[in-house]
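Enquirer: Okay, here's the prediction I keep looking at, along with the sequence it came from:
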Amino acid sequence: MPRYEVRLAATVRAPVAEVFAFFADHERFTTLFGSKGERIRAGELEPNGIGSVRRIGSGRNSFDETIVAFEPNRRIDYQVTRGSPIRNHLGQIRFSSGDGATEIDYLIRFDPKIPCTGKLLVLGLQMMWRRNAPKILKGLERA
């Protein structure tokens with residue numbers, strides 16, 4: 001089991017289908033961390049579903065994530081499959097709804113490739129989420 005975990009959570013006052021659609025869209029999802037991404041391979045049954053691959057970043061600093069579980073309006077799981085300073089990675093995003101809002105529970109697990117960098121990577125992910133996600137998710141809410 002990976003040694004490091006990052007748990008991120010948010011409540012979005014929007015229907016779960018809209019929030020899930022945002023997270024499932026590879027280009028929009030990466031903006032939650034202030035990055036740019038693109039789908040480089042379509043999924044088996046759905047363009048952004050199981051087997052689809054998104055590339056985050058560009059050039060030597062890019063890395064690929066592959067969708068390994070996809071249940072509309074419920075969950076998305078992905079793994080880093082190329083690049084990145086981490087290994088044994090699993091990202092799990094869970095969605096639940098109630099009272100006109102969507103709850104997001106997002107867990108990232110990994111081991112660093114470079115010793116003694118795990119805590120720094122955790123802090124970096126948390127910082128990028130806090131800097132970008134609240135504003136972007138607020139944009140999904142209905143007035």
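Expert: Received the coordinates, thanks.
Enquirer: Am I right that residue 68 is in contact with residue 49?
Expert: No. Look at residue 68 against residue 49 with C-beta atoms under 8 Å: they stay out of range, at 10.3 Å. The C-beta positions use only the backbone N, C-alpha and C, and glycine is treated the same way.
Enquirer: what residue ranges in the chain are flagged as low confidence?
Expert: Within the chain, the stretches with pLDDT under 70 are 1-2, 142-143.
Enquirer: Strands along this structure, start to end?
Expert: Along the chain, counting by DSSP state E, strands occupy 4-12, 37-41, 53-56, 63-71, 75-82, 86-98, 101-112.
Enquirer: Between those strands, which one is closest to residue 123.
Expert: Residue 123 sits nearest to strand 4-12 of all these, at 9.2 Å, using C-beta to C-beta.
Enquirer: Need the contact partners of the lengthiest helix in the chain.
Expert: Using DSSP state H to define each element, the chain has its longest helix at helix 118-138. Helix 118-138 has contacts (C-beta atoms under 8 Å, 6 or more residues apart in numbering) with 3-6, 8, 10, 12, 19, 31-35, 85-86, 104, 108, 110-112.
Enquirer: change it to 6 Å
Expert: Outside helix 118-138, the residues that touch it by C-beta atoms under 6 Å, 6 or more residues apart in numbering are 4, 6, 8, 10, 12, 31, 32, 33, 34, 112.
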